[in-house]
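Engineer: all I have is the shape, not the residue letters:
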């Protein structure tokens, strides 16, 4: 089956891509900072990394990926006019996002209980700050998902495709940033 | 702002003294230069809140155009945050002036005042973030055919708010990139703040000239 697709169509609105670029720029600076400090102090970083709980990180990666998948399905359903299905698909996406936050709290709690805090060493400063600022993004993203859910329920004539796409792009970026953060801080 | 940045540089605050330095070193920073530079620089910066508030007011007037007959939540929040942000700036500068006012006093006291200034200057970042987020939300809510501000400016404001965020976390660090002399604690927020003020000023001026033209056209049509 051949579908007629316009040659060039940017999903979402242009501004959101500008924002994504700016935000990724900030995180790129975070990654460079991390690599710089690791280069300066490799032994400390390797040793500190063993104190992290990779399981939490891995579960969170899965949660965000699943969530992103539901959002992608929801946005595509909305584009096909199935706005109710779309809104329903955004609910598990939201729940996965909340799951990420809950696990993050357990993870931070475990670290703090073990006496590892913000200023324990350079590694943990960067660990708390980068994952913390990413967590702020997750909170904002949850707000965005809630907003999308309301839009999908209320705007049933399919005229809010751009809005859904823009919000979806933001959520995918939150996911993508974690996919870089997780191996960089937990694994490599 | 054009005046404030050079003054802060002359005062030797870029790069600022590290928060990890001892009290004697901090006191020496104020004693080393002729103290009148600090006094003059600080005394001018202390007076800068009025222009800052006027700048915020100019933006609020434009936000009022966006709101039209809606409740003025955006314009009010913006001007209130502006007033708080620039008052806080005044308090920070006053701290530097106080340090320079009697540089011969006990180093511990100078260090305390210096800490106060930097933590107030960078650490109280929510009013500025409030301004940026409010402006951003207002721009997103603008559904008219001829929006007051371009939509990308809404995203830029949200991004600026995000960049300001780490400055609010400086109290937790004495060393590293998130401390008050670090890249994410000082340099990036301050640079983005300067750029943000510049871009918003240009956008406000453009919006005003557009409104003048349309007002002119309506009066001509009425004649």
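Structural biologist: Yep, that arrived. These numbers come from a predicted model, not from an experiment.

Engineer: from now on I want contacts and neighbour counts done on CA atoms only, so please keep to that.
Structural biologist: OK.

Engineer: so how far is residue B:155 from whatever residue of chain A ends up closest to chain B?
Structural biologist: Here chain A gets closest to chain B at one residue, residue A:15, 4.7 Å apart by C-alpha to the nearest C-alpha. The gap separating residue A:15 from residue B:155 is 6 Å, by C-alpha to C-alpha, to the nearest Å.

Engineer: between the two, point out the one with more neighbours.
Structural biologist: The neighbour comparison of residue A:15 against residue B:155 (other C-alpha atoms under 10 Å in any protein chain shown) goes to residue B:155, with 26 against 17.

Engineer: next, residue B:94: secondary structure please.
Structural biologist: helix (DSSP: H, G, I helix; E, B strand; the rest coil).

Engineer: pull up the residues of chain A that are close to chain B.
Structural biologist: A:14-16, A:18-19, A:22-23, A:26, A:118-119, A:122 (C-alpha under 8 Å from any C-alpha of the partner chain).

Engineer: hmm, which two among those are most spread apart?
Structural biologist: A:14 and A:119 (39.8 Å; C-alpha to C-alpha).

Engineer: gap between whichever residue of chain B sits closest to chain A and residue A:16?
Structural biologist: Ranked by C-alpha to the nearest C-alpha, the top residue of chain B for proximity to chain A is residue B:152, at 4.7 Å. Between residue B:152 and residue A:16 the computed distance is 8 Å (C-alpha to C-alpha).

Engineer: looking at these two, which one has more neighbours?
Structural biologist: The residue with more neighbours, out of residue B:152 and residue A:16, is residue A:16; 21 against 18, by other C-alpha under 10 Å.

Engineer: identify the residues contacting the more buried one.
Structural biologist: A:166, A:169-170, B:152, B:155 (C-alpha atoms under 8 Å, 6 or more residues apart in numbering or on different chains).

Engineer: just the closest of those to residue A:32, please.
Structural biologist: For the contacts of residue A:16, the nearest to residue A:32 is residue A:170 (22.4 Å; C-alpha to C-alpha).

Engineer: OK, contacts around the closest one?
Structural biologist: A:16, A:20, A:141.

Engineer: so which of these are in helices?
Structural biologist: Among those, DSSP state H puts A:16, A:20, A:141 in helices.

Engineer: can you list the residues you listed in CSV and add distance to residue B:109?
Structural biologist: Formatted as CSV, the ones in helices among the contacts of residue A:170 follow (distance: C-alpha to C-alpha, whole Å):
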residue, distance to residue B:109
A:16, 48
A:20, 45
A:141, 44
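
Engineer: can you report how many residues neighbour residue B:173?
Structural biologist: Residue B:173 has 19 nearby residues by other C-alpha under 10 Å.

Engineer: hang on, isn't it packed against residue B:182?
Structural biologist: No - with contacts counted by C-alpha atoms under 8 Å, residue B:173 stays clear of residue B:182, the gap being 9.6 Å.

Engineer: what about the longest helix seen in chain B, near chain A?
Structural biologist: Using DSSP H, we find that the single longest helix of chain B is helix B:188-222. No - Helix B:188-222 lies out of reach of chain A by C-alpha under 8 Å from any C-alpha, never closer than 9.4 Å.

Engineer: residue boundaries of the helices in chain B?
Structural biologist: Going by DSSP H, chain B shows helices at B:4-10, B:23-32, B:35-46, B:49-67, B:73-101, B:107-123, B:126-141, B:151-164, B:188-222.

Engineer: for those helices, which has the smallest mean pLDDT value?
Structural biologist: Mean pLDDT per stretch puts helix B:4-10 lowest among the helices of chain B, at a mean of 60.

Engineer: once you drop chain neighbours, what's closest to residue A:161?
Structural biologist: residue A:79 (6.1 Å; C-alpha to C-alpha, 6 or more residues apart in numbering or on different chains).

Engineer: list the helices and strands the worst-scoring helix or strand of chain A on mean pLDDT packs on?
Structural biologist: Within chain A, confidence by mean pLDDT, DSSP states H and E is lowest for helix A:42-49 among all helices and strands, at a mean of 89. Counting contacts by 3 or more C-alpha pairs under 8 Å, 6 or more residues apart in numbering or on different chains; DSSP states H and E, helix A:42-49 packs against helix A:122-154.

Engineer: buried residues, the following helix or strand past the helix it packs on. List them.
Structural biologist: Next along the chain after helix A:122-154, taking DSSP states H and E as the criterion, comes helix A:161-182. Buried residues in helix A:161-182, counted by 16 or more other C-alpha atoms under 10 Å in any protein chain shown: A:161-179, A:181-182.

Engineer: show me what contacts residue 178?
Structural biologist: The chain I'm using is chain A. Residue A:178 touches A:61, A:134, counting by C-alpha under 8 Å, 6+ apart.

Engineer: try chain B instead
Structural biologist: B:166-167, B:169-170, B:184-186.

Engineer: swap in residue A:98?
Structural biologist: residue A:142.

Engineer: now do 10 Å
Structural biologist: By C-alpha atoms under 10 Å, 6 or more residues apart in numbering or on different chains, the contact set of residue A:98 is A:63-64, A:67, A:92, A:104, A:138-139, A:142.

Engineer: and it, what element?
Structural biologist: Going by DSSP H and E, residue A:98 is in helix A:83-113.

Engineer: starting at the chain centroid, how far to that helix?
Structural biologist: On the basis of C-alpha atoms, centre = their mean, to the nearest Å, helix A:83-113 sits 11 Å off its chain's mean C-alpha point.

Engineer: in that helix, what's buried?
Structural biologist: A:83-87, A:89-94, A:96-101, A:103-104, A:107-108, A:111.

Engineer: could you do stretch B:172-183 as well?
Structural biologist: Buried, per 16+ other C-alpha under 10 Å, within stretch B:172-183: B:173-183.

Engineer: then stretch A:48-55?
Structural biologist: In stretch A:48-55, counting by 16+ other C-alpha under 10 Å, buried: A:48-49, A:52, A:54.
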